[in-house]
Each structure stands twice: as C-alpha cells, then as structure tokens.
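Q: model the structure of this input:
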Amino acid sequence: MLVHKSKNIIGNIKSILFLILATLLPQWGNSAENEFKIVKDLSSDWKIYNADINGYVPFIREKSQKSHFVFQWINLDKYANYHLRVKAAPKLSLFVNNKLYYTNIETKYQDIAIPVKDLLNNATISRKDLLTIYQPDASFNEGAVFIGYFPEKEVELAPAIKIEAKRQNFLGDLVMALFISSFAIIAILKNRFPKSFSLFFQKSEFSLSASEELLNSRIIDFPLLLVIILNAFSLSILIFSNKESENFVKFLTLVKTPNLSLFSQFALSTLVIIFLIIIKYLLITFLGWIFDLNRLITLHFYEFLSIMLKVNLFVVPVVLILLSINNFHPFMSITALTIILLIIFFLLILKVSYIIFKFSNYRNLYLFSYLCISEILPFIVITKLLASDVIKY
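A: Numbering: from 1, shown residues only. Modelled structure (predicted):
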C-alpha cells in the first residue's frame, strides 16, 4: 500500500515538473530566438582626439588617455535594415554627424536599440557618417556598441550580411566576363578595322602621314566607339577593385545610388565614363573653334584615346591578377585608386602635349592656352575632387 502511494506521489511530482517545463521552455526558446544578433562589433574602431599630433588615434581601453569623447566613422547606409545597440551609462550622449540624437537621463544603465534608419535622418551625402559618444566621467566602455538585429522582427533581413560573399563571386564573374569582352572588342578592331587598330596600337607616335589622314576622317565612327567602350570597361574594372566602389560610384555620378545591384552600379559607372569622354571631345572641339586650331582636334582626341587605352591595357591585367589572388574581393583603398587615376591623367597630359607640339605647325600663345584649358585645367579640377573625396575617409 505504501509502495503504491509513493508511486502516485512520484507520478504527481513528475506531472508537476512536466507542466513547469512545458511552461518555461517556450519562454526560454523565445528569449533565445529574440536575443540580439550581432552583425558588426564596433568595439575596436573607436578613436580619440590627440592634441599632440592634431589628429585622431585609436582608442585602446586601459592604455589610451581618458577622453570625454570617442569618435567613429561608419557607412550607415550599409546597415540601414539593422539596429545600433548601445549600453548607455548615465548621462551618456550619442551624436550622429555632430547632431545630438540620444542622452541617457536616467541614473542607471540603459540598454537601447536604435533603428539605423532613424539615424539616417541625420546622415549626410558624405562617404561615411560620424558617430560620437560623450560621457562626462570619461568612463566609456568601448565594447558596449554593436550593430545587429532581432530575429523575431527582422528574420528576413538576417541573410543580408551573407550577400557580401555572393557579391564577391558575382564580381569575379562580372570582371572576367568584361575582360573577355574587352579581348573580343580588340579582336573585332584588328580583323574588321585593321587601319584603326594600327593607329591605336602602334608602338610609336602617330606618323605625319597618319595624322594627315586623321585630319580628314570622321571623329565618331564605329571603331572609335569600340575604343571608347573598351576604355570605359577598363576604368570601371579599376574602380570596382576598390573597397569603396559603391561609394565611388555615388561620387562619380554625383547622386546617391541606394540598393543598386552590382551590375547596375557597373553599368552606371561605365555609362558615366563614356559620357565624360564625349564631353572631353566636345570641349576640345569648342576650344579648337575658339583658338582656330580645328586641324588639331581629331589628332588630339585620337591620341588621348590611344594613350588611355595603352595605359588601361597595362594596368587592368595587373589589377585582375591581384583580384584573383584576393578571391575577387576588392582590395584597393580609395587613396590608392585616386593615386592611380591621377597618375594616368598626368601621363595623358604629358604625352598629349608632346604629340601636339611635335606635329603642330603652331608655336604661339593660342596653342599653349588650348593645352591649358583642354588638359591642365581638367586635371586640376579632377585632382581637387578626388583629393576632397579621399579626405572624407
């Protein structure tokens, strides 16, 4: 009898424990599912201002000098679908692009999650946004800021961070397809338009006979358009080897291009480069008419395209080799890309100036003014724009 009662008691206890577990397990499961998932840890990227060097240095906990302000530059557009989570100490303030966004007015720590979309209201058209954290007692915990998401609210957005790997694979396929297309264009030029091919790929400068022939040729013809497209392809490949290619496309087009596919970005940059080359031709045509140097226009433009093509066909294979070594992951910094582009433009100025002075019968102020406006002034403007773009990084 006692054994039977003990079995009933044990059975009742098991039933009660089962009910308790049945109640708690879903809550535990939900809490695990609802746990904040970190996409980017901002703990190692903070900087502080150093008056000795009049610049910013990395903030290293327990080693850096105490500072009330810590700074970090980040591309908020990239994380528009996520949250910025901050473990805010009392009186901690968060600034976005030097505009106050949040202050903890409580007397205890607050764990806040701010939608990055809300922060974008304070964003600018610059390449990266400035996050600033101020704490009166300078006791900032550098590991208390993250970017991430809550699965129950944004489960469909979680795979977005994995798109980067697919983007790299697609970039490799796209670059190789364009490289093959470039060789196809060269083959078409060589077989279908051998005279144009010899003009663009000969080792020495244009001969006098060739230049005289060019003076009577049409500037916009099919072979020339192929060369323009080939140059645009080459420069676009160079741009997309840069880590900040999306931002560089925004800079190149002077407009924001959110949520554009990689192919759309590449097509947009290629079209803009083609447009700029056509603008170059219209500029030298207008200047030739003003300075009465019409006979130099065609020679100038052909030489401009020829030099650019030769430089691109040297630089692009090197870039492709480096891309393949890096598993087609963009490897070039914005500064390196800017330096390469400026070197290309500088070589263009030197070679075009040499050719024009060599084959021109003019030796007067008009020719020098023509070169200054058509080559030197655009180079100065491009240098200024690219340099200002680099400073933002």
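Q: from residue 348, how far out is residue 378?
A: Applying Cβ to Cβ, to the nearest Å, the value for residue 378 to residue 348 is 10 Å. C-beta: built from backbone N, CA, C; applies to glycine.
Q: stretch 346-359: which residues count as buried?
A: 348-349, 351-353, 355-356, 359 (16 or more other Cβ atoms under 10 Å).
Q: now do the helices in the stretch 1-150 of the chain.
A: 2-33, 116-119 (DSSP state H, counting those that start in this stretch).
Q: give me the mean pLDDT for the first one.
A: Okay, so that is helix 2-33. For helix 2-33, mean pLDDT rounds to 50.
Q: including secondary structure, pLDDT and distance to residue 68, could the buried residues of stretch 346-359 go into TSV?
A: Below are the buried residues of stretch 346-359 laid out as TSV (DSSP: H, G, I helix; E, B strand; the rest coil; pLDDT from 0 to 100; distance: Cβ to Cβ, whole Å):
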residue	secondary structure	pLDDT	distance to residue 68
348	helix	78	49
349	helix	81	49
351	helix	77	54
352	helix	76	54
353	helix	78	54
355	helix	71	60
356	helix	71	59
359	helix	61	65
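Q: now do the buried residues in stretch 40-57.
A: By 16+ other Cβ under 10 Å, the buried positions in stretch 40-57 come out as 40, 42, 45-48.
Q: got it, and stretch 80-91?
A: Of all the residues in stretch 80-91, those buried under the rule 16+ other Cβ under 10 Å are 80-86, 88-89.
Q: got the end-to-end distance for that stretch?
A: End-to-end distance for stretch 80-91, by Cα to Cα, to the nearest Å: 27 Å.
Q: quick one, domains of the protein?
A: 38-149, 162-391 (automatic domain parsing).
Q: would you single out the least confident of the ones you listed?
A: Of all the domains of the chain, mean pLDDT reaches its minimum on domain 162-391 (a mean of 70).
Q: about what we covered before: can you tell me which of the buried residues of stretch 80-91 lies closest to residue 114?
A: residue 84 (4.7 Å; Cβ to Cβ).
Q: which residue is the nearest non-sequential neighbour of the closest one?
A: Closest residue to residue 84 apart from its sequence neighbours, by Cβ to Cβ, 6 or more residues apart in numbering: residue 114 at 4.7 Å.
Q: these two touch, right, that neighbour and residue 86?
A: Yes. Contact status for residue 114 versus residue 86: in contact at 7.1 Å, counting by Cβ atoms under 8 Å.
Q: tell me, what's touching these two both at once?
A: Residues touching both residue 114 and residue 86 by Cβ atoms under 8 Å, 6 or more residues apart in numbering: 94, 102.
Q: spell out the residue ranges of the strands in the stretch 51-200 of the chain.
A: Taking DSSP state E, counting those that start in this stretch as the test, the strands found in the stretch 51-200 of the chain are 55-58, 69-74, 83-88, 93-96, 99-103, 110-115, 129-134, 145-149.
Q: CSV for those, including distance to residue 238?
A: CSV is the format used below for those (distance: least, Cβ to Cβ, whole Å):
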stretch, distance to residue 238
strand 55-58, 30
strand 69-74, 24
strand 83-88, 34
strand 93-96, 33
strand 99-103, 36
strand 110-115, 36
strand 129-134, 27
strand 145-149, 30
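Q: nearest to residue 278, out of these?
A: Evaluated over the strands of the stretch 51-200 of the chain, closeness to residue 278 peaks at strand 129-134, with 34.8 Å, by Cβ to Cβ.
Q: other SSEs contacting that closest one?
A: Packing partners of strand 129-134 (3 or more Cβ pairs under 8 Å, 6 or more residues apart in numbering; DSSP states H and E): strand 69-74, strand 93-96.
Q: before we move on, back to that, JSON lines for the buried residues of stretch 346-359, including distance to residue 340?
A: Output for those, formatted as JSON lines (distance: Cβ to Cβ, whole Å):
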{"residue": "348", "distance to residue 340": "13"}
{"residue": "349", "distance to residue 340": "15"}
{"residue": "351", "distance to residue 340": "17"}
{"residue": "352", "distance to residue 340": "19"}
{"residue": "353", "distance to residue 340": "21"}
{"residue": "355", "distance to residue 340": "23"}
{"residue": "356", "distance to residue 340": "25"}
{"residue": "359", "distance to residue 340": "29"}
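Q: out of the residues you listed, which is nearest to residue 288?
A: Each of the buried residues of stretch 346-359 was checked against residue 288 using Cβ to Cβ; the closest is residue 356, at 11.1 Å.
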